[in-house]
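K.L.:
structure here, sequence nowhere to be found:
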């Protein structure tokens, strides 16, 4: 059920919220009393199921189809949200995908597809959110901040990943975009941060954890010796979206079970 409500009276857009990390974040925000716009690009039925779960715990929101790589779709999503609720307080820039190939075999379409969704999509959504935050300014009845953006990045903004050059490049780009706009808008009380998930149990990495042998191999990369869950990311998102983190901007909060701790050295190398 709904908690006391760190995010009460706040409106959140979560892109790519019909499954995986996006769905986990949407439900976590709703549990802390945010009204949640569940964005999807193709899976309407899944998005409606997430909304139904939110409504079953006393939350509210609506589903909105939009391809975040298309400027007109992004503008329509923000306009529909503002028309319905009057403003926006929180953007979770989550929509993302992989389209893997060895670098010498990667096509331009594979490169562009990942960059368009993972990086350009975050740019388009963040731009519209910042426009609204600047228009409204700080409303103390809602938050100490004029607005909050949380970019969902990855440990691969830091860790190179052979066979995934487009994905790693997109996440490295997200990191520098996030830091740059956090710097640019901090004086306007707009907070912009990232979450860098490690291995999380979602459909995008199903092959890495479905079979026991693959799961055992994956755990060699994680000092905590467990795969992460969408709820782990949801809790981090609630904190970054709330006034509990009001003095935090321009960081990537890695939620990775220690994946960035060079696990190959945990037995003294």
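P.N.:
Yes, it's here. Everything quoted here is computed from the prediction, not taken from an experiment.

K.L.:
going forward, measure contacts and count neighbours with C-alpha atoms only.
P.N.:
OK.

K.L.:
need the longest strand for this protein.
P.N.:
strand 190-197 (DSSP state E).

K.L.:
in its sheet, what does that strand sit against?
P.N.:
Its sheet considered, strand 190-197 pairs with strand 147-152 (parallel), strand 252-255 (parallel) by DSSP bridges.

K.L.:
residue 39 in helix, strand or coil?
P.N.:
At residue 39 the chain is in strand, as set by DSSP: H, G, I helix; E, B strand; the rest coil.

K.L.:
let me fix that, I meant to ask about residue 69.
P.N.:
coil.

K.L.:
follow-up on the earlier one: determine how far the longest strand of the chain lies from the middle of the whole chain.
P.N.:
Chain-centre distance of strand 190-197: 8 Å, with Cα atoms, centre = their mean, to the nearest Å.

K.L.:
what about residue 87, distance to residue 130?
P.N.:
Using Cα to Cα, to the nearest Å, we find residue 87 at a distance of 11 Å from residue 130.

K.L.:
who's more crowded, those two?
P.N.:
residue 130 (24 against 19; other Cα atoms under 10 Å).

K.L.:
quick check: mean pLDDT of stretch 98-118?
P.N.:
Mean pLDDT, computed over stretch 98-118, is 98.

K.L.:
then stretch 125-143?
P.N.:
For stretch 125-143, the per-residue pLDDT averages 98.

K.L.:
from here on, count from 543
P.N.:
Understood, numbering begins at 543; the last thing we discussed is stretch 667-685.

K.L.:
can you put the strands paired with strand 732-739 in CSV and add distance to residue 574 and mean neighbour count?
P.N.:
Converted to CSV, the strands paired with strand 732-739 look like this (distance: least, Cα to Cα, whole Å; neighbours: other Cα atoms under 10 Å):
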stretch, distance to residue 574, mean neighbour count
strand 689-694, 15, 27
strand 794-797, 20, 20
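
K.L.:
so which of those strands is nearest residue 595?
P.N.:
Nearest to residue 595 among the strands paired with strand 732-739 is strand 689-694 (22.4 Å), distances taken as Cα to Cα.
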